[in-house]
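Q: kindly return the folded structure for what I paste below:
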Amino acid sequence: MVAAASAILFPPAAGEGSDRVPGRDLNAMFALNAQLLAGQDVKIEPGATSVNLPERGHLVNSNGQMALQLLKTGDTLPAAVPVLNAVRDAATGLDRITVPAVAGAPERTILVNPAPSPAAPSDTASPPPSVPVTPVHT
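A: The predicted structure is shown next:
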């Protein structure tokens, strides 16, 4: 009874803790078109399993916020970066990308919805409000 009353009288803030998903304490996953980092001189062919990049990305915690740190490849940092390819699942229509297992983290699967963005304009005002041509004074 007391627990129910305290939950009603003192609810948590909206969204509080929603950014902390159990079991997701590993570095965040994100996708980036490798051609953007490779430069104009490097051509990434379809079906390639790796590509040599002049820099590599690394997620870091900077002042309590997630940031992308770019590191130059060379002496101790290998330039070869694996390229992951999506496979279309005929049953669901989703693209499936499998991230291989690494030390301390199991194999992971990323599902991507390849649906195109809507062709309709994002403006929802219909029709737009009329703006007076001359100012109205009272």
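
Q: how about the strands of this protein, start to end?
A: Using DSSP state E, the strands of the chain run over residues 50-52, 55-62, 65-72, 80-82, 87-88, 95-99, 108-112.

Q: what's the closest of these to Gln35?
A: Taking Cβ to Cβ, strand 50-52 is the member of the strands of the chain nearest to Gln35, at 8.7 Å. In short, each C-beta sits where N, CA and C put it, glycine included.

Q: which sections of this structure are below the confidence cut-off?
A: 1-12, 15, 17-32, 121-126, 128, 135-138 (pLDDT under 70).

Q: let's go with 90 and repeat that
A: For the chain, the stretches with pLDDT under 90 are 1-86, 89, 92-93, 97-106, 108-138.

Q: show me it divided up by domain.
A: Taking automatic domain parsing as the domain assignment, the ranges for the chain are 27-83, 85-115.

Q: tabulate the ones you listed (CSV), appending mean neighbour count and distance to Ser130.
A: Converted to CSV, these look like this (neighbours: other Cβ atoms under 10 Å; distance: least, Cβ to Cβ, whole Å):
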stretch, mean neighbour count, distance to Ser130
domain 27-83, 11, 43
domain 85-115, 11, 36
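
Q: looking at those, which is nearest to Glu16?
A: Smallest distance to Glu16 across the domains of the chain (Cβ to Cβ): 16.1 Å, for domain 27-83.

Q: can you put the strands of the chain in CSV and add distance to Pro118?
A: Shown next, in CSV, are the strands of the chain (distance: least, Cβ to Cβ, whole Å):
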stretch, distance to Pro118
strand 50-52, 33
strand 55-62, 30
strand 65-72, 29
strand 80-82, 33
strand 87-88, 21
strand 95-99, 19
strand 108-112, 17
